[in-house]
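1. pasting a predicted model and its sequence here:
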Amino acid sequence: MKNDQVDYYSALGTISITKDSTIISSDEGNRLLVSNPQSIGAAIVDKDRVIANFSLVNKTLPAGIDYVVNVTSCDKILFKPVVELTTANKDSIGNDELGINSIQLVKDYLNLSFTFYGNTQKHYINLIRFPGTIRTDTVDLEIRHNNNNDNTLTYTIAFVSFDLKSLRNTVADSVILRIKAKEFNNLTLQKNYTYKY
């Protein structure tokens, strides 16, 4: 009896779109060649961060490719740099509470899943560092949320990926990131992560 069951997978990574190929370089270190590039929406462009859902294609692997995949959906992920906090941007950065679901450091990225309450206003999320020279041993960072004085009617889960490359230094091959966030119920998240580059 033939088994027609198809297994589906998902991956977070960076997409490379050229005239000849569409490849997703996953944060786990795999290179996925997309067999159906027409499935990638027009809003997604080269070097975007994406989450893709896919099945595997039983096909001979080209050089440098770990899997050939058939993408069933591909969503663009908010991708932002680390922002230096200044007097000019302090108000727009905000410091409203949020919920931290998970923080993951992979390669040069800090991937953050978070929750907030809102309604009709646009919310902003940033990873900030404080003014001055970036230290070469430990960097203090804060996750900042600006709710734009929105009504707290709807519970929303969101995801963002931050680019950590600006925190690199030439003195060592890693730096400790001390990350802080203002959570719900007057709680404060404080965790240390090693960013190795």
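-> It's in. Numbering: from 1, shown residues only.
2. so for the longest strand anywhere in the chain, what gets flagged as buried?
-> In the chain, assigned by DSSP state E, the strand with the most residues is strand 67-81. Using 16 or more other CB atoms under 10 Å as the test for burial, strand 67-81 gives 67-69, 71, 74, 77, 80. Yep, even glycine has a C-beta here, placed from its N, CA and C like the rest.
3. backbone dihedrals for the most centrally placed residue in the chain, please?
-> Compute the mean C-alpha point of the chain, and by CA atoms, centre = their mean the closest residue is S161, 1.9 Å away. With angles defined as degrees, to the nearest 10, S161 sits at phi -120, psi 130.
4. where does this structure have its least confident helix or strand?
-> In the chain, no helix or strand scores lower on mean pLDDT, DSSP states H and E than helix 90-93, which sits at a mean of 94.
5. what helices or strands is that helix leaning on?
-> Judged by 3 or more CB pairs under 8 Å, 6 or more residues apart in numbering; DSSP states H and E, helix 90-93 is in contact with strand 124-129, strand 138-146.
6. which parts of the shortest one are buried?
-> When you say that, I think you mean strand 124-129. Residues of strand 124-129 classed as buried: 125-129 (neighbour count, 16+ other CB under 10 Å).
7. switch the residues you listed over to a markdown table; also include distance to G94.
-> Formatted as a markdown table, the buried residues of strand 124-129 follow (distance: CB to CB, whole Å):
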| residue | distance to G94 |
| --- | --- |
| I125 | 9 |
| N126 | 8 |
| L127 | 13 |
| I128 | 10 |
| R129 | 16 |
